[in-house]
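S.K.: Give me coordinates for this.
(2 chains)
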Amino acid sequence: MSEGIATDETEVRGGSVRKESVLIRLISRREAILIILIVLIVVIMPFLNPYFLSFGNLGVLLLGSMHYALMAAGICLLLIMAEIDLSIGSNMAMAGIIVALAMKDWGFNVPMAIGMALATTVLIGFVNGLLVVKVGINFLITTLAMLGIVRGLVVILAEGGVAFLPAGFNAIGQSKFLGLQAPVWYMFIVLIILGFLLAKNKFFRKMYYIGGNLKAAKLIGIQTDKIRIITYMISGFLAGLAGVMNASRFGSASSTTGTGAELTVISAAVLGGCSLSGGQGNIFGVFLGVIFITLLSNVLVMLNVSTYWHQPVNGFVLIGALSFDILMNKWKAEKERKQILAR
Amino acid sequence: MSDPVIRMRGITKAFPGVIALKNVDFDLHPGEIHALIGKNGAGKSTLISLLSGVYGIDRGEILFQGTSIDSHHIQDLPVATVYQESTLFSNLTVADNIFCGDEPTTVLSVVNDKEKLKATEKLLDLFQFNILPTTPMVRLSPAEQKVIEILRAIRKNCKILILDEPTATLTRRETEKLFGLLKKLKQTNVGIIYISHRLEEIFQIANRVTVLRDGEVQGCAAINETTLDRLITMMVGRQTDLLKIVKKESVENKRKDKPILAGKSLTHHFGKFREASFELYRKEILGVVGLVGAGKTELARALFGLERIDEGTIIFEGEPIRITSPKQAIDAGIMYVTESRKVDGLFLDMSLKANICAPRLDQISGFLGTVSAKNMSSLSNSAIEKFDIVTTGVDQPANTLSGGNQQKVLLGIWLQLKPKVLIVDEPTVGIDVAAKADVFNLLRSIAEGGTAVLLISSEIKEVMNNADRILSMYNGRLTGSFIPAATKETEILEHISASVMEVS
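M.R.: Sure thing, here's the model as predicted:
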């Protein structure tokens, strides 16, 4: 089956030999499935609750997914390299608390305070990266420990939280542009830039190599350590940005912000096409994953389903999506088997 | 001949507890293929690691085109290495794999996809490799993947190309194609360092050969001024009978009993083998030879319950038997020794003793299931002695053993279970000549002890020298049955390669 160059199974220039129907190709793309599901929800929901399609609701939906989307972008980069940052939820709270304290208690101006908050979470990301890459502690354990450490520090720093933030700061998150709140636009800008970089930029492309085969990436001269550490820093930065945006949007910083966010974010990223074994994923898919999960919560709210049901539903959806993938692959393999036997 | 592109003079390299290279001289001319051979642990890998700048040298110097290179700049030399183990990225495309994060870019380090695809296409054309640059890597065969690795090296305009066992996973036809590429490369004045355990290949492709043993150069000669025997003597330091066909008189005697295992028109679930019929007798070594992808491994795995058989019957000790899981096979006494000892053979991170005792934990454990360290050690020590395993002791982790010794440990694990049928898949991949001889001697003594051995291999010569009978396999079908003493190698070769099939 495998001798010779350009056998039947490889694609030959001038046309693919193995043709798959459009439908199969479509449903093997995670983005396509998500778009179909999202469109289905958007088409069906107005019949069940007319308020659903209002601009107000959709704006709330986007605003509510803003912090998840930012963090999911960072998780996407990490998952591509087969790593995870569990400390994002705590980092998000840390950024909110730092920016609030810096302005209210330490007397810094708004830009300085934001800078300090982001610097803190980037530093946390750097420590994560250092521990995972240089010291060699397992990434789950490292970031799980960091989740606890940072959450603890947040409470030590600010107990319950900080309220009544300066109006100048709140304006960042509460102003509107073209009918949408500013954080939504910031989110889009960040995702578009990251999405573009990940698809096209040399540095970001190398993440796929690292996730595909870490050892090989090292051997061919990719600076794997550097890239991995920087990615943890990016994850820290994005969590920090989510925290600052959230604080600004609410005009207060709570020390319980982002508790459990890692679960939602990782689910969304995996739904969006990232693989826990690395090497796969893109920002657009992950964004769709986030939208789908928040949309699902929104739908449950609209249908007056108890909020207790949100987590189980998310869990079912995640398991359903992954099972679907595996079944699809098995089905494809069985089809190929029949083709081979027919030859 | 022109001046050497690289010359290594008096190279010495020590690692904690061992001197890996002693005063080694080695040079490479542009446009030549210089073979580097030696047993595992002879220092080949260390030598190429020094050239690629992975380690610094302790003593000696490296000259590039006549000028001495200081150790910090060795990494900057135009050296490209194709390692034995794949360094490809199966999640990406052919073009991605050829460029590997070193793509042509425009502003903001944005990858210029157009140019990347064009350059990839140009490289593929060079080898008349008719695939799309956007083909996913997983669609390529092992040989095609190896070619991609070499193309990746060529792309960087290297002057020195190091190939470490490039043909280990290739079929003969694929090897020929690869050699075609290497010959073309020679014309572009690239110097190639070629490492291989397949000595016949070296006579086919190399200009010169250097033999290493225990970190020292045993000799360097032009290929037409040396012989296979001389090279082997230099490598092992002692004569070995590996390459002499041993006469088997008792082949017919062994077949007087009923076969212990027989297959009647076995057809694989995915058609990897079809209508395969064979008989295996006690005390014999039955070789199954074929190219990579011929279906040998699938047949072996199916007999062990790892692959599904759709049609046909397996007869074991005279009774039809259905084997759908390894557990059933093991209970019946059929064992399978995997071809990839590192993937699904050994517990690599665990000690030799833990490996050897793995299948016997029930027997050697005492009250409350506690496993006695003393029992484990004594069991392991007897295995070490019996199989002649070279080790620092029973606590040595399996992954630090040499390939040959790992193979012996692997055989040792299965022999603990007293197999009636032992299926051995490619037992000599990546191990040196001396260890190969040890492995075959071991298999012979296992067979003489009453076990039936099914030897799966793509090395015709090895099988001819060591099996009692040989079955040839091509494209999922058993194509012939041979007695080695009465057969020519070329005859078997015909039956496992396309030529016979295309005619018939």
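S.K.: And the helices in chain A?
M.R.: Here chain A has its helices, by DSSP state H, at A:22-28, A:30-48, A:55-80, A:88-104, A:110-129, A:139-158, A:167-174, A:182-200, A:202-212, A:214-219, A:224-250, A:261-271, A:283-302, A:310-342.
S.K.: Which strands and helices lie in contact with the last one?
M.R.: Packing partners of helix A:310-342 (3 or more C-beta pairs under 8 Å, 6 or more residues apart in numbering or on different chains; DSSP states H and E): helix A:22-28, helix A:261-271, helix A:283-302. Using the backbone N, CA and C atoms, a C-beta is placed for each residue, glycine as well.
S.K.: As JSON lines, the helices of chain A with mean neighbour count and mean pLDDT would be great.
M.R.: Output for the helices of chain A, formatted as JSON lines (neighbours: other C-beta atoms under 10 Å in any protein chain shown; pLDDT from 0 to 100):
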{"stretch": "helix A:22-28", "mean neighbour count": "12", "mean pLDDT": "67"}
{"stretch": "helix A:30-48", "mean neighbour count": "15", "mean pLDDT": "88"}
{"stretch": "helix A:55-80", "mean neighbour count": "23", "mean pLDDT": "93"}
{"stretch": "helix A:88-104", "mean neighbour count": "28", "mean pLDDT": "96"}
{"stretch": "helix A:110-129", "mean neighbour count": "21", "mean pLDDT": "97"}
{"stretch": "helix A:139-158", "mean neighbour count": "18", "mean pLDDT": "96"}
{"stretch": "helix A:167-174", "mean neighbour count": "16", "mean pLDDT": "92"}
{"stretch": "helix A:182-200", "mean neighbour count": "18", "mean pLDDT": "94"}
{"stretch": "helix A:202-212", "mean neighbour count": "23", "mean pLDDT": "91"}
{"stretch": "helix A:214-219", "mean neighbour count": "18", "mean pLDDT": "86"}
{"stretch": "helix A:224-250", "mean neighbour count": "25", "mean pLDDT": "96"}
{"stretch": "helix A:261-271", "mean neighbour count": "25", "mean pLDDT": "92"}
{"stretch": "helix A:283-302", "mean neighbour count": "22", "mean pLDDT": "92"}
{"stretch": "helix A:310-342", "mean neighbour count": "13", "mean pLDDT": "79"}
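S.K.: closest one to residue B:136 among those?
M.R.: Nearest of the helices of chain A to residue B:136, taken as C-beta to C-beta: helix A:202-212 at 11.4 Å.
S.K.: quick revisit: okay if I get the helices of chain A as a markdown table plus distance to residue B:495?
M.R.: Shown next, in a markdown table, are the helices of chain A (distance: least, C-beta to C-beta, whole Å):
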| stretch | distance to residue B:495 |
| --- | --- |
| helix A:22-28 | 40 |
| helix A:30-48 | 47 |
| helix A:55-80 | 47 |
| helix A:88-104 | 61 |
| helix A:110-129 | 57 |
| helix A:139-158 | 52 |
| helix A:167-174 | 76 |
| helix A:182-200 | 51 |
| helix A:202-212 | 39 |
| helix A:214-219 | 37 |
| helix A:224-250 | 47 |
| helix A:261-271 | 50 |
| helix A:283-302 | 50 |
| helix A:310-342 | 23 |
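S.K.: so which of these comes closest to residue B:137?
M.R.: Residue B:137 sits nearest to helix A:202-212 of all these, at 8.7 Å, using C-beta to C-beta.
S.K.: can you tell if the closest one touches chain B?
M.R.: Yes. Contact between helix A:202-212 and chain B, assessed by C-beta under 8 Å from any C-beta of the partner chain, occurs at A:202, A:203, A:205, A:206, A:208, A:209, A:211, A:212.
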